[in-house]
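1. Okay, structure incoming, though there's no sequence with it:
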């Protein structure tokens, strides 16, 4: 297939490009002149320079493509001005899907987030992982990133209802190689490896190998139903932060943090960090949006993607091992 990928220099995007090339698909990527290409090293692709605001150029770039993967997003938990985030995440999504439809793409895979899915709810004292049918509303989007992605997902859903071949994927918490920036989840691993993790919050994530997420995008293009959402996660990946650190300790020999930070302490630190950032203009180390998200265990079920798409299930332990090895090999561990 001829494939078009936005966000190819990002964590998921770079792994997706490598998976597409491995499967002998032809790949064209949309990149800005300043894009960091380290994650794309070794992959063969055609480069198209531009951004998400130019619909005419996007239509021309996608001409002849069978699949479009819209992975690009502005992911920030703190900005002085969030208007650029909404322009990228909401209007950019509208532009890409419109252009892909006009160019005749047979499948348009939009990368959303599990932040757009309802939070897990306790039943008889046990937290039940959320799935694609868990009720959720816009009022539950507690920060600008989640709200902008929610609005973008609604755009994708409406355009699918209007007849465009859109399939939505919602990755959980991917870890693994090529996390160049790194992502917030990757930062946790890097801090652990550098022994800068003295304590942990009582939170949890659905940990999944980034390679499985990349393959899930391809499976969504091959098998996904138009207008449907698919959580790309791991059936056994719902781990608390304490559990994840215990596995990292086993893998690396580095002692896991033994102190659990009370939520109110983390919240206070978040307020202090953001107050400082309002003067310095630099992103806070502990943004309030991140602290508030950590109040909830983000446990999800990937059963639908496993059943309908055949989503692979690399053990989360292997995902953490691969991430740690990549960070070490690429100079992130001091």
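-> Good, I have the coordinates. Everything quoted here is computed from the prediction, not taken from an experiment. Numbering: from 1, shown residues only.

2. can you pull out the helices in the protein?
-> 11-22, 55-62, 83-86, 92-103, 144-161, 184-193, 210-223, 241-252, 263-280, 288-293, 303-309, 316-329 (DSSP state H).

3. want to throw these into TSV with distance to residue 119?
-> C-beta: built from backbone N, CA, C; applies to glycine. Below are the helices of the chain laid out as TSV (distance: least, CB to CB, whole Å):
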stretch	distance to residue 119
helix 11-22	22
helix 55-62	34
helix 83-86	22
helix 92-103	23
helix 144-161	11
helix 184-193	18
helix 210-223	21
helix 241-252	17
helix 263-280	16
helix 288-293	10
helix 303-309	18
helix 316-329	21
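
4. Which one of those helices lies nearest to residue 171?
-> Residue 171 lies closest to helix 210-223 among these, at 4.8 Å (CB to CB).

5. Measure how far that closest one is from the centre of its chain, please.
-> 13 Å (CA atoms, centre = their mean, to the nearest Å).

6. What distance do you get for residue 105 to residue 68?
-> The gap separating residue 105 from residue 68 is 4 Å, by CB to CB, to the nearest Å.

7. Please enumerate the shared neighbours of those two.
-> 4, 62 (CB atoms under 8 Å, 6 or more residues apart in numbering).

8. What are the neighbouring residues in contact with residue 82?
-> Counting by CB under 8 Å, 6+ apart, residue 82 has contacts 144, 148.

9. could we number from 58 for the rest of this?
-> All set: I'll call the first residue 58, so the last point we hit is now residue 139.

10. For it, what are phi and psi?
-> phi -90, psi 0 (degrees, to the nearest 10).

11. Make a markdown table from the helices of the chain and add mean neighbour count to it.
-> Shown next, in a markdown table, are the helices of the chain (neighbours: other CB atoms under 10 Å):
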| stretch | mean neighbour count |
| --- | --- |
| helix 68-79 | 24 |
| helix 112-119 | 18 |
| helix 140-143 | 14 |
| helix 149-160 | 22 |
| helix 201-218 | 20 |
| helix 241-250 | 19 |
| helix 267-280 | 24 |
| helix 298-309 | 18 |
| helix 320-337 | 14 |
| helix 345-350 | 19 |
| helix 360-366 | 18 |
| helix 373-386 | 19 |
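
12. closest to residue 233 out of those helices?
-> Comparing these by CB to CB, helix 267-280 comes nearest, at 3.7 Å.

13. If you compare the directions of that closest one and helix 373-386, what angle comes out?
-> Taking axes from the mean of the first three to the mean of the last three CA atoms, to 10 degrees, helix 267-280 and helix 373-386 form an angle of 120 degrees between their directions.

14. nearest to residue 232, of the helices of the chain?
-> helix 373-386 (4.4 Å).

15. so where is the protein shaky, pLDDT-wise?
-> Scanning the chain with the threshold set as pLDDT under 70 gives 331, 345.

16. related to what we said a few turns ago, so which of the helices of the chain comes closest to residue 106?
-> Short answer: helix 112-119, nearest of the helices of the chain by CB to CB, at 9.2 Å.

17. Now tell me what touches that closest one from outside.
-> Under the contact criterion CB under 8 Å, 6+ apart, helix 112-119 has outside partners 61, 85, 87, 105, 107, 109, 125, 152-153, 155-157, 159-160, 162.

18. so that helix versus helix 149-160, what angle?
-> 50 degrees.

19. Give me the residues contacting stretch 316-328.
-> The contact list for stretch 316-328 (CB under 8 Å, 6+ apart) reads 255-259, 299, 341, 343-345, 347-349, 351-352.

20. residues of stretch 116-133 that come out buried?
-> 116, 118-119, 122-133 (16 or more other CB atoms under 10 Å).

21. What is the end-to-end distance of that stretch?
-> Criterion CA to CA, to the nearest Å; first-to-last residue distance in stretch 116-133 is 28 Å.

22. cool, stretch 191-200 as well?
-> 20 Å.

23. Enumerate the positions of that stretch that are buried.
-> For stretch 191-200, by 16+ other CB under 10 Å, it's 191, 198, 199, 200.

24. Kindly report the same for stretch 230-239.
-> By neighbour count on 16+ other CB under 10 Å, the buried set for stretch 230-239 is 230, 231, 232, 233, 234, 235, 236, 237, 239.

25. measure the nearest residue to the fifth one once chain neighbours are set aside to residue 291 for me?
-> What that stands for is residue 234. Spatial nearest neighbour of residue 234, chain neighbours left out: residue 383 (3.9 Å); criterion: CB to CB, 6 or more residues apart in numbering. Distance from residue 383 to residue 291, counting by CB to CB: 18 Å.

26. Over to residue 59?
-> Distance of residue 59 to residue 291, computed by CB to CB: 31 Å.

27. re the thing from before, among the buried residues of stretch 116-133, name the ones in strands.
-> Members of the buried residues of stretch 116-133 lying in strands (criterion: DSSP state E): 124, 125, 126, 127.

28. Please name the bridge partners of the second one.
-> Spelled out, that is residue 125. residue 61, residue 165 (DSSP bridges).
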